[in-house]
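In: here's my sequence, what's the structure:
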Amino acid sequence: MKNSKFDLPIKLKKSSVIFLCIFSLGVYFISLIFPYIFKSILDNVGNMDSGKLYLYIFGIIVFAVFVHGISYLCDYLNQIFCNKTALRYQKQIVKKISKINTPDYEGMSKAKVLNLLNYDIAVIYTYINLKIDLVVDSIKILLVAFILIKINYILAIITFILIPIYYLGNYFNKNR
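Out: Coordinates of the predicted model:
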């Protein structure tokens, strides 16, 4: 395959990708604490002092707001990283376009130039999100599988069989 004038190798800072992966996993682990706290409070509602019940409810609400806030922060940091990386490549694309000779530029389809600016940036966004989310989502799946197996292995087996069937049904239904 012949290299084009517009080939841009996507290079990501490993430290940024690792930080985003670790931060995403940390947020996920913190969000897993919420159901455990909620379950323990519901299990002990009968033993709690009714005067302090409002403190527990307030604590649950504060923790939920905290978890949603850091989840939003995680998504925001991921988007900022994508924007900075895409902007860097967009500048490189514009520099390469500006170095084209005027007769060659006039002969080019303007749709091709627009495609270079829009489509290639979308590919960069997809690549970055795939690079981060693939690692994080794989670990999340393994953790949920481990938790399900610890709770009830029969329920875990049924879940592992039915989830792909559910997604296949959604996929075929969506493509009609």
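
In: which secondary element of this protein has the worst mean pLDDT?
Out: One helix or strand of the chain scores below all others by mean pLDDT, DSSP states H and E: helix 102-107, with a mean of 77.

In: next SSE after that helix?
Out: helix 110-151 (DSSP states H and E).

In: what's the mean pLDDT across the following helix or strand past that next one?
Out: As assigned by DSSP H and E, the chain's next helix or strand after helix 110-151 is helix 153-174. Mean pLDDT, computed over helix 153-174, is 83.

In: that older thread, so what does the least confident helix or strand of the chain touch, helix or strand wise?
Out: The helices and strands touching helix 102-107, judged by 3 or more C-beta pairs under 8 Å, 6 or more residues apart in numbering; DSSP states H and E, number zero. For glycine as for every other residue, the C-beta is placed from the backbone atoms N, C-alpha and C.

In: run the chain-centre distance for that helix.
Out: Taking C-alpha atoms, centre = their mean, to the nearest Å, one finds helix 102-107 lying 41 Å from the centre of the chain it belongs to.

In: and the helix or strand hosting Leu25, what's buried?
Out: Counting by DSSP H and E, the element that carries Leu25 is helix 14-43. Buried positions in helix 14-43, judged by neighbour count with 16 or more other C-beta atoms under 10 Å: 20-21, 23-25, 27-28, 31.

In: what pLDDT does the residue nearest the centre of the chain get?
Out: By C-alpha atoms, centre = their mean, the chain has its centre lying nearest to Asp133, at 4.6 Å. Asp133 is assigned a pLDDT of 84 by the prediction.

In: same question for the one 4 residues further on.
Out: Model confidence at Asp137, given as pLDDT, is 87.

In: from Glu106, how far out is it?
Out: Counting by C-beta to C-beta, to the nearest Å, the gap from Asp137 to Glu106 is 46 Å.

In: check Lys11 too.
Out: Lys11 is 32 Å from Glu106, by C-beta to C-beta.

In: also Phe34?
Out: According to C-beta to C-beta, Phe34 stands 60 Å off from Glu106.

In: just curious, which of the buried residues of helix 14-43 is nearest to Phe160?
Out: Nearest to Phe160 out of these is Tyr28 (C-beta to C-beta; 20.0 Å).

In: nearest residue to that closest one in space, please, no chain neighbours.
Out: What sits nearest to Tyr28 in space, not counting adjacent residues and going by C-beta to C-beta, 6 or more residues apart in numbering, is Lys140, at 5.9 Å.

In: from what I see, that neighbour and Val27 are in contact.
Out: No. Using C-beta atoms under 8 Å, Lys140 makes no contact with Val27, being 10.8 Å away.

In: any weak-confidence spans in this structure?
Out: Scanning the chain for pLDDT under 70 picks out the ranges 1-10, 174-176.
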